[in-house]
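Visitor: Give me a 3D structure for the following:
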Amino acid sequence: MNDNKDIDYRKVWNNFWKSIVCLENGEIDIEQIKKELCDFYVAIQEVPKVYCHITNDTLSKINYPSSVVISKFEEIQEENYRQRRLEDDEEFILELSNFLMCKEKTKKECINFLNKSLSVLTLNIDEKLSKEKIKKFADGNLFQDV
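Guide: Numbers count the residues shown, from 1 in each chain. Modelled structure (predicted):
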């Protein structure tokens, strides 16, 4: 977490806040400070809710560096993607098992099902494998549309 060690508050004041909360004569504009503090209050209340939501309740502090929050979000997205692929694979295996149990399929139904199956497998197998590599292991006539 960012503990603000590297941030010089004087520079932040001079480069950011001073022009926002000071009058032209240099005096502090209390009303403007109240407005800015109100905005900051809203950010303190709302940003942790977003962090919690996108990181599955693992990050909640407003002062996490954006790179930490983004990294955690991407990690969770990747895990969700892997889980969906596993579920798709399980569904495909069940569908394939049901298909293989039925002996009354026409050649065209078999070819269509195998073409569809190859598409599913190609999406779910390691992305480095292409349809062409998988095609080498199959009877060329069965996968002519791929």
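
Visitor: low pLDDT regions in this structure?
Guide: 1-5, 97-105, 107, 117-146 (pLDDT under 70).

Visitor: Give me the buried positions along the longest helix seen in it.
Guide: Scanning the chain for the helix with the most residues, using DSSP state H, yields helix 66-101. Residues of helix 66-101 classed as buried by neighbour count (16 or more other C-beta atoms under 10 Å): Val69, Lys72, Phe73, Phe92. Where you see a C-beta, it was placed from the backbone N, CA and C, and this is true even at glycine.

Visitor: The third one and Thr58, how far apart?
Guide: Going back to what we said before, that points to Phe73. Distance, Phe73 to Thr58, using C-beta to C-beta, to the nearest Å: 10 Å.

Visitor: And the helices in this structure?
Guide: According to DSSP H, the helices that the chain contains are 9-12, 18-21, 30-54, 66-101, 107-124, 131-135.

Visitor: Count the residues that sit near Leu114.
Guide: Counted with other C-beta atoms under 10 Å, the neighbours of Leu114 add up to 18.

Visitor: need the contact list for Glu95.
Guide: By C-beta atoms under 8 Å, 6 or more residues apart in numbering, the contact set of Glu95 is empty.

Visitor: returning to what we had before: tabulate the buried residues of helix 66-101 in CSV, adding columns for distance to Tyr9.
Guide: Below are those laid out as CSV (distance: C-beta to C-beta, whole Å):
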residue, distance to Tyr9
Val69, 23
Lys72, 27
Phe73, 29
Phe92, 57
